[in-house]
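**Student:** What would the 3D arrangement of this be:
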Amino acid sequence: MADLRKRKLITDAPFDESIEFLAFDIWHYFGRTAKHGAFMGGADFVQWHGNYELLLKMVELKELAKELKEKRH
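**Tutor:** Here you go, the predicted structure:
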């Protein structure tokens, strides 16, 4: 996200582009789900509700970032 802002591919305004909501969900929701699931011994929350979703959403985020960079050129 910092690289996208640095390249001026997204604005500095918070939450005015869909990729920012995706990045927030990765950090706030899915990352915390995995972390708290591990803390509480909930393997299904670590794996399926946390790490699986983290991986899925990271793939989406990387694809969106790639599209933004390709549009620039």
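
**Student:** which parts of the helix or strand hosting residue 39 are buried?
**Tutor:** Element membership for residue 39 (DSSP states H and E) is helix 31-40. Buried residues in helix 31-40, counted by 16 or more other CB atoms under 10 Å: 31, 33, 34, 37. Every C-beta, even on glycine, is put in place using the N, C-alpha and C of the backbone.

**Student:** if I pick residue 37, what's in contact with it?
**Tutor:** Contact analysis of residue 37 by CB atoms under 8 Å, 6 or more residues apart in numbering lists 43, 44, 45, 46, 49, 50.

**Student:** and if we set it to 6 Å?
**Tutor:** By CB atoms under 6 Å, 6 or more residues apart in numbering, the contact list for residue 37 reads 45, 46, 50.

**Student:** Who wins on neighbours among those?
**Tutor:** Compared across the contacts of residue 37, residue 50 has the highest neighbour count, 23 neighbours, by other CB atoms under 10 Å.

**Student:** I figured it was touching residue 36, is that so?
**Tutor:** No. Counting by CB atoms under 6 Å, residue 36 is not a contact partner of residue 50; they are 8.3 Å apart.

**Student:** what ranges do the helices span in the protein?
**Tutor:** Along the chain, the stretches classed as helices by DSSP state H are 2-6, 18-24, 31-40, 43-46, 52-72.

**Student:** helices and strands around the shortest one, which ones?
**Tutor:** Helices and strands touching helix 43-46, as assessed by 3 or more CB pairs under 6 Å, 6 or more residues apart in numbering; DSSP states H and E, comprise helix 31-40.

**Student:** Look at residue 26 and report its pLDDT.
**Tutor:** Note for residue 26: predicted pLDDT of 95.

**Student:** what about residue 22, distance to residue 36?
**Tutor:** Noted for residue 22: a distance of 21 Å to residue 36, by CB to CB, to the nearest Å.
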